[in-house]
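Undergrad: What follows is a protein structure lacking sequence information:
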C-alpha cells in the first residue's frame, strides 16, 4: 500500500497533524505534505482541516469519505470470504483467484 493510501487509512476516523503522520509512516513532514497535496488534488473533498495543534494543521477524512471507506472495506472483506470459499471448494485454485486474494488481503489488513 502506498503512502497516500496509508494516510487515508490512518485518517479514517482519526485526526492527525503532518508531524504525527510523518512519525507513524516514518517519512518526513515534507513528504507527508506532498502526499496530502496529491490527495487534495485528486479530490478536494477527501480531507478536511479541523484545527491546529501547535503550528501544525490537524487533518481528518470528511464524513462521506469515511463512510465510503468503511463500506468499501466491508465489501472487500465479503469478497475475500467468497474467494476463500471458492478456492477451498476448487480442486486446483486458479492463479488469478490467488492473486485477487493477495490483493484484497493487502487492502483489508
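TA: Nice, I can see it. Since the structure is predicted, the reported quantities are computational estimates derived from the model, not experimental observations. Numbers count the residues shown, from 1 in each chain.

Undergrad: Would you pull up how far the lengthiest helix in the chain lies from the middle of the chain?
TA: Looking across the chain with DSSP state H, the single longest helix is helix 63-89. Centroid separation between helix 63-89 and its chain, computed with Cα atoms, centre = their mean, to the nearest Å, is 14 Å.

Undergrad: same question, stretch 39-59
TA: For stretch 39-59, the distance to the chain centre is 16 Å (Cα atoms, centre = their mean).

Undergrad: ok, and what's touching that stretch?
TA: Stretch 39-59 is contacted from outside by 4, 7-8, 11, 15-21, 36, 60-62, 64-65, using Cβ atoms under 8 Å, 6 or more residues apart in numbering. C-beta coordinates here come from the backbone N, C-alpha and C atoms, glycine included.

Undergrad: re the thing from before, mean confidence score for the longest helix of the chain?
TA: Mean pLDDT, computed over helix 63-89, is 77.

Undergrad: now the helix or strand that it is followed by and helix 63-89, what's the angle there?
TA: Moving toward the C-terminus from helix 63-89, the next helix or strand (DSSP states H and E) is helix 95-108. Using axes from the mean of the first three to the mean of the last three Cα atoms, to 10 degrees, one finds that helix 95-108 and helix 63-89 are set 140 degrees apart in direction.

Undergrad: Out of the contacts of stretch 39-59, which sit inside helices?
TA: Going by DSSP H, the helices hold 4, 7, 8, 11, 18, 19, 20, 21, 36, 64, 65 from the contacts of stretch 39-59.

Undergrad: Which two of those have the greatest separation?
TA: 19 and 64 (26.3 Å; Cβ to Cβ).

Undergrad: between these two, who's got more neighbours?
TA: residue 19 (15 against 10; other Cβ atoms under 10 Å).

Undergrad: which residues of the protein score low on pLDDT?
TA: 65-66, 107-109 (pLDDT under 70).

Undergrad: Quick check: can you list the domain ranges of the chain?
TA: 3-61, 64-108 (automatic domain parsing).

Undergrad: Can you say which of these is packed in most?
TA: Of all the domains of the chain, domain 3-61 has the most neighbours on average by mean count of other Cβ atoms under 10 Å, namely a mean of 15.
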